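Engineer: Could you work out the structure for the sequence below:
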Amino acid sequence: MILVRTPLRVSIGGGGSDLPSYYERFGGFFISAAIDKHVYIGINKIFTKEYSIRYSSQERVTNPAEIVHRIVREAIKLHQLGPVEIVSLADIPAGTGLGSSGSFTVALLRAIYAYKREPVTMSSLAEEACHIEMNLLNEPVGKQDQYIAAFGGITCFEIDKSGQVQVSPLAIPSRALHDL
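Structural biologist: Predicted coordinates:
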């Protein structure tokens, strides 16, 4: 069994500049901080011909196209993953404004790559999560949640007009970090 976790986040500044409608015109810049609350994904080989997906609901299907959870369905289809068991847990419920869908997507992809024993960079993980949510699912989201879930820490992100993201961890003295 593979178990992974990704952090939830708080936005420190620049929220909204991570949306394509903004950064494609002006570029974007935001600072986010990962917090000590997480989304957890477990993925395991299953000994049936069904996909077993457990989150706030439970699904058992034989065809990935039948998976109701949209992010799970698209990630499985994208990776052409055979039947597996996927379990999701979180420290905080969805809808809190702490980036849970982006964290979920990054955690799911990280688990899939580990399950397949394939290396993946943090940038690739974040971009693939953005691709699933923004392009495949047409969700009205930006890049902030996926990038901070992949990179963690207190981090600056700059997006050019083409959507390329530069990542710069903030060098914060220990005392200031402790005060935060």
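
Engineer: Could you find the closest non-adjacent residue to Tyr23?
Structural biologist: Leaving aside its chain neighbours, Tyr23 sits nearest to Ile159 (4.3 Å; criterion: Cβ to Cβ, 6 or more residues apart in numbering). Quick note: C-beta positions are derived from backbone N, CA and C, even for glycine.

Engineer: secondary structure class for Glu127?
Structural biologist: With DSSP: H, G, I helix; E, B strand; the rest coil as the basis, the three-state label of Glu127 is helix.

Engineer: Could I get the pLDDT score of it?
Structural biologist: Note for Glu127: predicted pLDDT of 98.

Engineer: same check, this time on Ala94
Structural biologist: For Ala94, the model assigns a pLDDT of 84.

Engineer: That one - how many residues pack around it?
Structural biologist: Counted with other Cβ atoms under 10 Å, residues neighbouring Ala94 total 14.

Engineer: Over to Ala150?
Structural biologist: By the measure other Cβ under 10 Å, the count of residues near Ala150 is 30.

Engineer: tell me the contacts of it?
Structural biologist: Taking Cβ atoms under 8 Å, 6 or more residues apart in numbering, we find Ala150 in contact with 6, 106, 122-123, 125-126, 129.

Engineer: Pull out the buried residues from the residues you listed.
Structural biologist: 6, 106, 125-126, 129 (16 or more other Cβ atoms under 10 Å).

Engineer: For the residues you listed, name the two members farthest from one another.
Structural biologist: Farthest-apart pair in the buried ones among the contacts of Ala150 is Thr6 and Ala126; separation 10.4 Å (Cβ to Cβ).

Engineer: residues bridging contact with those two, i.e. touching both?
Structural biologist: With Cβ under 8 Å, 6+ apart as the test, Thr6 and Ala126 both reach 106, 149-150.

Engineer: buried ones in the helix ranked longest in the chain?
Structural biologist: Assignment by DSSP state H gives helix 100-116 as the longest helix of the chain. Within helix 100-116, the residues that qualify as buried are 100-115, counting by 16+ other Cβ under 10 Å.

Engineer: now that helix: mean pLDDT?
Structural biologist: The model assigns helix 100-116 a mean pLDDT of 97.

Engineer: Kindly report the same for stretch 172-180.
Structural biologist: 78.

Engineer: do stretch 36-54 as well
Structural biologist: On average, stretch 36-54 scores 96.

Engineer: Quick check: closest non-adjacent residue to the most centrally placed residue in the chain.
Structural biologist: Closest to where the C-alpha atoms of the chain average out (Cα atoms, centre = their mean) is Val106, at 2.6 Å. With sequence-adjacent residues excluded and distances taken as Cβ to Cβ, 6+ apart, Val106 is closest to Ala149, at 4.0 Å.

Engineer: Thank you, goodbye.
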